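Trainee: take this sequence and fold it.
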Amino acid sequence: MHIFFPLLAVMIWATNTVVSKAAAGVLEPGAISFYRWFLAALILTPFCLKAVWQQRQAIRPYLSKFVVLALLGMVLFQCIAYYAAHSTTATNMGVITSLVPLSSLLLNAFMTKTKPSMAASLGIFLSLCGVLFLLGKGHPASLLHSGINHGDALMLAGTVAYALYGILLRRWALPFKHWHSLYIQIVLAVLILIPVAFSTQSMAIPAEGVGLVLFAGIASSLVAAYCWMHGVHHLGADRTAVFMNLLPLFTALIAMFTLGEAIQIFHLLGGGLVLLGVIVAQMQSWKKLSQSK
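Mentor: The predicted structure is shown next:
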């Protein structure tokens, strides 16, 4: 029963990737970025504000770290995705987002000056080949003269930002409850996004955009977070992380049925190599997990 929760979380996040693409023709990226987190903050405020306010003295020394986390996880990664959606497909966005675990591995190795294992190195190589095949639409050599699509490049940058977010979140281990920590980050993200909101051409929410904002602000930001935390609590972080491998598959299928995006051979081959690389890189941690039972 517990596996239902992380599975639902991944399905929601995959749907949100499609929502980001759908929002590209309806809402300004700066507008939906702001409204998403503003709505999430409004919903959490009655449940978290009092407790967070009572802990304000304890929170103050960690405030700079909370700002960095909000900037990386809520602002850069999520906001970049809305801008990327204007020039790439939801399917590509899902595949590129699945690189977060490998990006985390590479960044962590760089930050700790440790050499990746053989399995991790092979996984990185396979995923890199898959990404090049995907971005080159089946012809990786074409990237040498045409370059990377603007939206795909933005998603790669966002993936690195979110990978760094995950590393710092684990490394800092801020001594606060998950929901209180999330609430602080969301409130700070709203404050950071105010200049972005003022700089956007229009903050209007047309009728067809209301559902998109509600889904992003409630389902993706809060419901999925609850489901993921539930999975981590009952299954453990490593077992729960495995479900993220389903993100590109769910995203491609949802995009195909809702947006009419066609799944091409290069999607299957490139995405398959990316997924294979992620699985190979995670094999060592899975082995350790099974041995610890």
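
Trainee: going forward, measure contacts and count neighbours with C-alpha atoms only.
Mentor: Fine.

Trainee: tell me how far the closest residue to G270 other than its chain neighbours lies from G271.
Mentor: Leaving aside its chain neighbours, G270 sits nearest to G130 (4.0 Å; criterion: C-alpha to C-alpha, 6 or more residues apart in numbering). Using C-alpha to C-alpha, to the nearest Å, G130 is found at 6 Å from G271.

Trainee: what of V280?
Mentor: Distance from V280 to G271, by C-alpha to C-alpha: 14 Å.

Trainee: same thing with K115?
Mentor: With distances taken as C-alpha to C-alpha, K115 is found 26 Å from G271.

Trainee: circling back to that earlier point, of V280 and G271, give the one with the bigger neighbour count.
Mentor: Between V280 and G271, counting by other C-alpha atoms under 10 Å, G271 is the more crowded of the two (27 against 20).

Trainee: point out where the stretch 151-293 of the chain drops to low pLDDT.
Mentor: Applying pLDDT under 70 to the stretch 151-293 of the chain picks out residues 236-239, 241-242, 281-293.

Trainee: OK, contacts around G166?
Mentor: By C-alpha atoms under 8 Å, 6 or more residues apart in numbering, the contact list for G166 reads S104.

Trainee: Y82 now?
Mentor: S20, K21, A23, A24, P29, I32, S33.

Trainee: looking at those, which two lie furthest apart in space?
Mentor: K21 and S33 (13.0 Å; C-alpha to C-alpha).

Trainee: which of these two has more neighbours?
Mentor: S33 (30 against 25).

Trainee: quick one: contacts for the closest residue to that one other than its chain neighbours?
Mentor: The spatial neighbour of S33 that comes closest, neighbours along the chain excluded (C-alpha to C-alpha, 6+ apart), is C79 at 5.5 Å. Applying C-alpha under 8 Å, 6+ apart to C79 gives the contacts P29, G30, S33.

Trainee: repeat for S87
Mentor: Contact analysis of S87 by C-alpha under 8 Å, 6+ apart lists N149, H150, G151, D152.

Trainee: for the second one, which residues are in contact?
Mentor: For H150, the contacting residues are A84, S87, T88, by C-alpha under 8 Å, 6+ apart.

Trainee: any idea how many residues pack against the residue nearest to A9 when sequence neighbours are not counted?
Mentor: Once flanking residues are discounted, A9 sits nearest to A224: 4.3 Å by C-alpha to C-alpha, 6+ apart. Residues near A224, counting by other C-alpha under 10 Å, number 21.

Trainee: please apply the same query to A58.
Mentor: 13.

Trainee: may I see the buried residues of the helix or strand where it lies?
Mentor: Using DSSP states H and E, A58 sits within helix 56-59. Neighbour-count burial for helix 56-59 flags I59 (criterion: 16 or more other C-alpha atoms under 10 Å).

Trainee: give the rounded mean pLDDT of it.
Mentor: Helix 56-59 carries an average pLDDT of 95.

Trainee: ok now the following helix or strand past it, how far from the chain's centre?
Mentor: Downstream of helix 56-59, the next assigned helix or strand under DSSP H and E is helix 63-69. Relative to its parent chain, helix 63-69 has a centroid offset of 18 Å by C-alpha atoms, centre = their mean, to the nearest Å.
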